[in-house]
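Chemist: no sequence on this one, just coordinates:
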């Protein structure tokens, strides 16, 4: 059969009424375009073009055939446009966060995200790490800010920030220390 690039070659030859001009437009060398045209015509079993010294002209079969490459190439362009639109976030984004993180860390992050993607409506749910992980796994939310590490094979984990835990007391004689409790900071 033939490839999408073969269809581009046929369309360029018909548009330019010449193999050399088509090759130049496509950034190919002329012998490559001629070889691909010959291979396609051989595969189809009929010539697509009448070659003269000045130009190439579509045969009646070539005119019929050219409708399909044009249709397919137009569909490819439409698909590409649709995919480009999808590259710009739009719609609703459902995320989760632990309550303290939603108050302390997320306002700046969400403000910046909203400035970059104004067409996205963010919905935020709060909960415990376990609840939020379950919601992500069940596709109730797209992602969540949780205490980690998560270590689940179906999830992708990215460290966004590290928290530092600090214990303060009002007495030098810390009762927690007397009870054998030790705290470490991350």
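Modeler: All right, it came through fine. In this text the structure is predicted, and so the values were computed from the model without any measurement.

Chemist: so what secondary structure elements neighbour the longest helix anywhere in the chain?
Modeler: What stands out as the longest helix in the chain, according to DSSP state H, is helix 60-87. Contacts defined by 3 or more Cβ pairs under 8 Å, 6 or more residues apart in numbering; DSSP states H and E place helix 60-87 against helix 4-16. To be clear about C-beta, it is placed using only N, CA and C from the backbone, and glycine gets the same treatment.

Chemist: The helix it packs on versus helix 60-87: what angle between them?
Modeler: 120 degrees (axes from the mean of the first three to the mean of the last three Cα atoms, to 10 degrees).

Chemist: pLDDT averaged over the helix or strand following helix 4-16 - what is it?
Modeler: Sequence-wise, the next helix or strand downstream of helix 4-16 (DSSP states H and E) is helix 19-26. What helix 19-26 shows for mean pLDDT is 94.

Chemist: And the contacts of the helix or strand that comes right after helix 19-26?
Modeler: Next helix or strand after helix 19-26 toward the C-terminus (DSSP H and E): helix 30-44. Around helix 30-44, the neighbours that count as contacts under Cβ atoms under 8 Å, 6 or more residues apart in numbering are 1-2, 5-6, 9-10, 13, 19-20, 22-23, 26, 47-49, 61, 65.

Chemist: I'd like to know which of those residues are buried.
Modeler: 6, 9, 10, 13, 19, 22, 23, 26, 47, 48, 49, 65 (16 or more other Cβ atoms under 10 Å).

Chemist: with those in mind, which one is nearest to residue 100?
Modeler: Of all those, residue 100 sits closest to residue 26, with 58.3 Å by Cβ to Cβ.

Chemist: still on that earlier bit, which strands or helices does the helix or strand following the longest helix of the chain pack on?
Modeler: Counting by DSSP H and E, the element after helix 60-87 in chain order, helix or strand, is strand 91-97. When contacts are defined as 3+ Cβ pairs under 8 Å, 6+ apart, strand 91-97 packs onto strand 120-126, helix 129-137, strand 143-145.

Chemist: Pick the most buried one from these.
Modeler: strand 143-145 (a mean of 20; mean count of other Cβ atoms under 10 Å).

Chemist: mind checking how far the spatially most central residue of the chain is from residue 113?
Modeler: Taking Cα atoms, centre = their mean, the centroid of the chain lies closest to residue 87, which sits 5.7 Å from it. To residue 113, residue 87 is 16 Å away according to Cβ to Cβ, to the nearest Å.

Chemist: will you turn the buried ones among the contacts of helix 30-44 into TSV that also has distance to residue 138?
Modeler: Formatted as TSV, the buried ones among the contacts of helix 30-44 follow (distance: Cβ to Cβ, whole Å):
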residue	distance to residue 138
6	46
9	49
10	50
13	54
19	58
22	54
23	55
26	49
47	59
48	55
49	58
65	51
